[in-house]
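J.: sequence and computational prediction follow.
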Amino acid sequence: MAMEARLSMRLSQRVVMTPLLQQAIQLLQLSTLELQEVVQKELLENPLLEEVPTENPEAPEAAAPGEAPAPTASTTAEVQPLEPPPVDRERGTDDLPFDLTAVMFDDHEERSLVAQEDRDELPFENMVRSVSSLADHLDEQLRFAAEDETIRRIGNEIIGNLDEDGYLRAELSEIAERCQATLEDVEKVLALVQAFDPPGVAARSIQECLLIQLKSDPNPDPVSVEIVEQYFEDLTKRRYPDIARALKLSLDRVMESVEEIMGLEPKPGRRFGGSDSRYIVPDVVVHKMGNEYVVVLNEDGIPRLRVNSLYRSLLRSSGDEARAYVEQKLRSAVWLIKSVDQRQRTLRKVTQSIVKFQREFLDKGLPYLRPLSLRDVGEDIGMSTWRRRRACSS
């Protein structure tokens, strides 16, 4: 079979995800706090972007002599060299050259070319981990350790009376009275809970906490145990020579045990503490006013952006290299302003649609929650076939 070289021409179409398009799609997926970080980063990197003063957000910046005011989120279409004329009055000049809702509600088969592109997977370390509290951690161990309801009731009462450091702050007699159990039963359950992880939990004093940790070792050091049991006051006051004379041991041997004791955890609940506080900030809030539900976007902390008018003069007075740089930054700034505005309008439309579908659930409660798919919401907010085709051809 002979091999030969030929020239051929083939016409094909494919969807290209430009960097600006990817940025707009990513903005839609960000939470309010993440969007604030992105906007603040762009304000630092793009000299053409600036924040509208909060005391007078509607007033445009004072322009240089002979120049028009700088464009804001509502007037970005005034940048003539970069923006096409408006298509229609309904969508206005704020629209992107694609519809972000198509990314959310379009069919996978209609976006097959985009789906075939290589995309970076979300790094595992970026996933939010579920932080369990000390009580949850102990409750789980209690469920596996005991099946008797009385033991579980007493155990839950003990766990519920632990402070954030893991110490028991209730008298055993009080627990016995509340659980209607004997003091001996409470002591047995307390010994069971003290054997849980983390070692030293449910202790009533730091001395008992240290003893529990020492005895949890399969081969505990008898000298360390004796020091904590019999000479704890001398240990706290660092009278190590007195301890050595009382035990008839060398000072070096006693210091080995002291080092082991100092390596123990005096606060077993420390790693379950509330230092890693997580606050939930909603992107959208739904208020009931009379018989209607009002959708309010959370825009706290999201700065209002506009383009600095001082840089517009550089487009006419600078050389080709500087002009190309300013045009690139100006295009990026206008795109970001429009993307943020499009994100807010998309969130509002989607939330209003959900409220409409789930009206009975909001009025009457959980039994009236109805199934709802992305396609239902997409069709409700106007995702028709021609708009899908327009989004794919952009």
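T.: Noted; the coordinates are in hand. Remember, predicted model here, so these are calculated numbers, not experimental data.
J.: give me the distance between the two termini of stretch 143-153.
T.: Distances were taken as CA to CA, to the nearest Å; on that basis the terminal residues of stretch 143-153 are 11 Å apart.
J.: that one: which residues count as buried?
T.: Within stretch 143-153, the residues scored as buried using 16 or more other CB atoms under 10 Å are Ala145, Ala146, Ile151, Arg152. No exception for glycine: its C-beta is placed from N, CA and C like everyone else's.
J.: isn't there a strand covering Pro296?
T.: No Pro there; residue 296 is Val. Yes. When classified by DSSP: H, G, I helix; E, B strand; the rest coil, Val296 is found to be part of a strand.
J.: contacting residues around it?
T.: Taking CB atoms under 8 Å, 6 or more residues apart in numbering as the criterion, Val296 is in contact with Val284, Val285, Val286, His287.
J.: would you mind measuring from the nearest residue to the second one once chain neighbours are set aside to Leu235?
T.: What sits nearest to Val285 in space, not counting adjacent residues and going by CB to CB, 6 or more residues apart in numbering, is Val296, at 4.8 Å. According to CB to CB, to the nearest Å, Val296 and Leu235 sit 60 Å apart.
J.: and Arg14, by the same measure?
T.: Here Arg14 is placed at a distance of 75 Å from Leu235 (CB to CB).
J.: so between the two, which is more surrounded?
T.: Residue environment comparison for Arg14 versus Leu235 gives the larger neighbour count to Leu235, 20 against 9, counting by other CB atoms under 10 Å.
J.: show me what contacts the closest residue to Ser216 other than its chain neighbours?
T.: Nearest residue to Ser216 in three dimensions, chain neighbours excluded: Pro199, at 4.7 Å (CB to CB, 6+ apart). Applying CB under 8 Å, 6+ apart, one finds that Pro199 lies in contact with Ile212, Gln213, Ser216, Glu265, Pro268.
J.: repeat that for Glu50.
T.: Applying CB under 8 Å, 6+ apart, we find Glu50 in contact with Leu43, Glu61, Leu305, Arg306, Val307, Asn308.
J.: next helix or strand past the lengthiest helix in the chain?
T.: Scanning the chain for the helix with the most residues, using DSSP state H, yields helix 320-357. Towards the C-terminus, the helix or strand next in line after helix 320-357, according to DSSP states H and E, is helix 359-364.
J.: and the next element down the chain from that following helix?
T.: Counting by DSSP H and E, the element after helix 359-364 in chain order, helix or strand, is helix 374-380.
J.: any regions of the stretch 51-200 of the chain where pLDDT drops low?
T.: Using pLDDT under 70 as the threshold, the predicted model of the stretch 51-200 of the chain has low-confidence ranges 54-131.
J.: what do you get if the cut-off is 90, keeping everything else the same?
T.: 51-133, 164 (pLDDT under 90).
J.: got phi/psi on Pro282?
T.: Here the main-chain torsion angles of Pro282 (degrees, to the nearest 10) amount to phi -70, psi 150.
J.: ok, now which ones touch the closest residue to it other than its chain neighbours?
T.: Nearest non-adjacent residue to Pro282, counting by CB to CB, 6+ apart: Asn298, 5.7 Å away. Listed by CB under 8 Å, 6+ apart, the contact partners of Asn298 are Thr32, Val281, Pro282, Asp283, Val284, Val285.
J.: if we go to 6 Å?
T.: The neighbours of Asn298, taking CB atoms under 6 Å, 6 or more residues apart in numbering as the test, are Thr32, Pro282, Asp283.
J.: where's it relative to Glu184, distance?
T.: Distance of Asn298 to Glu184, given as CB to CB: 56 Å.
J.: of the contacts of Asn298, closest to Ser133?
T.: Distance ranking of these against Ser133, using CB to CB, places Pro282 first at 23.1 Å.
J.: tell me the pLDDT of the closest one.
T.: Among the per-residue scores, Pro282 holds a pLDDT of 80.
J.: repeat for Leu7
T.: As summarised for this prediction, Leu7 has a pLDDT of 86.
J.: the chain should start at 290 in everything you say after this.
T.: Taking 290 as the first residue, the last one we looked at is Leu296.
J.: what average pLDDT does stretch 586-597 get?
T.: 80.
J.: end-to-end on it?
T.: With CA to CA as the measure, the first residue of stretch 586-597 is 26 Å from its last.
J.: can you give me the buried ones in that stretch?
T.: Those buried within stretch 586-597 under the rule 16+ other CB under 10 Å are Leu586, Ile591, Pro592, Arg593, Leu594, Arg595, Val596, Asn597.
J.: can you confirm the second one is in a helix?
T.: No. According to three-state DSSP, the state of Ile591 is coil, so it is not within a helix.
J.: can you tell me how far it is from Arg632?
T.: 10 Å.
J.: cool, and Leu317?
T.: The separation that Leu317 has from Arg632, given CB to CB, amounts to 5 Å.
J.: out of these two, which sits in the more crowded spot?
T.: The residue with more neighbours, out of Leu317 and Arg632, is Arg632; 23 against 19, by other CB under 10 Å.
J.: isn't the more buried one right up against Gln318?
T.: No. Contact criterion CB atoms under 6 Å: Arg632 and Gln318 do not qualify, at 9.1 Å.
J.: next, give phi and psi for the closest residue to Gln483 other than its chain neighbours.
T.: Among residues not flanking Gln483 along the chain, Ala491 sits closest, at 4.8 Å (CB to CB, 6+ apart). Here the main-chain torsion angles of Ala491 (degrees, to the nearest 10) amount to phi 70, psi 20.
J.: closest one to Leu338 out of the contacts of Val585, please.
T.: Closest approach between those and Leu338, by CB to CB: Val573, at 25.4 Å.
J.: count of residues packed around the closest one?
T.: Other residues lying near Val573 total 17 when counted by other CB under 10 Å.
J.: now do the contacts for it.
T.: If you count contacts by CB under 6 Å, 6+ apart, Val573 has them with Leu586, Leu636, Thr640.
J.: tell me what the helix or strand in which Asp428 is found is packed against?
T.: Secondary structure assignment for Asp428, by DSSP H and E: helix 423-434. Based on contacts counted as 3 or more CB pairs under 6 Å, 6 or more residues apart in numbering; DSSP states H and E, the elements that helix 423-434 packs against are helix 438-449.
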